[in-house]
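Novice: Got a predicted structure plus its sequence, pasted below:
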Amino acid sequence: MYRDAVERGKFPVKEKFKEQVLSGTYHVEVERDLLQDLDAFIEYHQSKGTSKGSLSHVVTLRGHLQQFAKKQRTTLTYECINLAFYGKFLRHLQDHTHCYGEKYEVNTIGNFIKKLKMFLHWSKGNGWNPYDYYQHPEFKTPAKRVENVYLEQNELDALAALDLTRRANLNHVRHWFLLACETGMRYSDYDQLKKRNLKEVPNGYDFVYEPHKTRKSSNVSVTVPLSMAAINILLRYGFEMPTPFSNQRMNKALKELAQLAGITKVVGTHTARRTFATLRYKEGFVVQAIMKITGHTTEKEFYKYLCIQGEENAEMFRQASKKYHIGATGLLETKLRVA
């Protein structure tokens, strides 16, 4: 109490000081427990309705922070989350070996740092974190540009043509993946492809569901017209698909399926969503119509899913308008000029 008064340059009168000592009413701030505050951050997002997928990264981050503190033999406080911490924690994430003996990708590490900064900013808003180290330009989120991958229709046909009569698990994964390519749904919504969510309409069938990721924020349902390819797969199971494997297990199986089908691209469950968006766009469907099915609310986010290269885009122009059709060949080789 005395030291605090001296620092403020304002010492209470003797009687007031005596009263504070004897009554014990003088407030002493206890240092906050950073990991407990992180638990509160997780609780906040759970009550807010944040998807389990997004929250899983925060939960994993908490585990890494705990491991890091134990390895460094230190207690994590807001004061210690500075640039020195950033460098060491970054190295900890880079050296970590997760499932299947693999290291984290750059963007996965970047996602952990992003979630850490979100938490520190949230704590600052609560008045718990008085420090701004996380806002320094060097406290940055690692990122690497990823080349989006989608499958062409002939590659989907190659997957569909595989004889997997003796590989029930691979066949299971293949059908889920092909259905996602036909509907544009996320892996997190596979559990919604049930007979109760299907309905017959004039000239076809619709799949109606509410995406888990945006259910709380937008409360918008999605209506997907089912293609004949999707109906043929669903008919195999009496319109009740079996429970999908875990995302990790499906991604591992998809690598094997791609290899069997002669596909050299790196294929994962999310490839299906990009495949749906890109193929429908190339078929000439307007962006707004595709977004109604993918559930995107902004074109900026939607265009991240399109995997159209420059040459493909130029060819689409030629398909759309005859003015880009030029029958004369070898013009670049001739020295003739138009008078």
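Specialist: On my side now, so go ahead. These numbers come from a predicted model, not from an experiment.

Novice: which of the residues in the strand ranked longest in the chain are buried?
Specialist: Longest among the strand segments of the chain by residue count, using DSSP state E, is strand 204-209. Judged by neighbour count (16 or more other CB atoms under 10 Å), strand 204-209 contains these buried residues: Tyr205, Phe207, Tyr209. For the C-beta atoms, the positions are set from N, CA and C on the backbone; glycine is no exception.

Novice: I'd like those residues as TSV, with distance to Lys265 and pLDDT appended.
Specialist: Conversion of the buried residues of strand 204-209 to TSV gives the following (distance: CB to CB, whole Å; pLDDT from 0 to 100):
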residue	distance to Lys265	pLDDT
Tyr205	30	94
Phe207	26	94
Tyr209	28	91
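
Novice: Could you dump the residues you listed into a markdown table with distance to Arg280 added?
Specialist: Listed next are these as a markdown table, based on distance: CB to CB, whole Å:
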| residue | distance to Arg280 |
| --- | --- |
| Tyr205 | 18 |
| Phe207 | 15 |
| Tyr209 | 18 |
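
Novice: Between those, which sits nearest Leu178?
Specialist: Ranking the buried residues of strand 204-209 by separation from Leu178, with CB to CB as the measure, puts Phe207 on top at 14.2 Å.

Novice: Leu179 versus Ser54, what's the distance?
Specialist: With distances defined as CB to CB, to the nearest Å, the gap from Ser54 to Leu179 amounts to 24 Å.

Novice: who's more crowded, these two?
Specialist: In this comparison of Ser54 against Leu179, neighbours counted by other CB atoms under 10 Å, the higher total goes to Leu179 at 22 against 12.

Novice: contacting residues around that one?
Specialist: Taking CB atoms under 8 Å, 6 or more residues apart in numbering as the definition of contact, the neighbours of Leu179 are Met185, Leu193, Ala230, Ile233, Leu234, Met241.

Novice: Just the buried subset of those residues, please.
Specialist: Among the contacts of Leu179, those scoring as buried are Met185, Leu193, Ala230, Ile233, Leu234, Met241 (criterion: 16+ other CB under 10 Å).

Novice: mind checking the SS state of the fifth one?
Specialist: When you say that, I think you mean Leu234. Three-state secondary structure (criterion: DSSP: H, G, I helix; E, B strand; the rest coil) places Leu234 in helix.

Novice: Skipping adjacent residues, who's closest to it in space?
Specialist: Counting by CB to CB, 6 or more residues apart in numbering, Leu234 lies nearest to Met241, which is 7.1 Å off, once chain neighbours are set aside.
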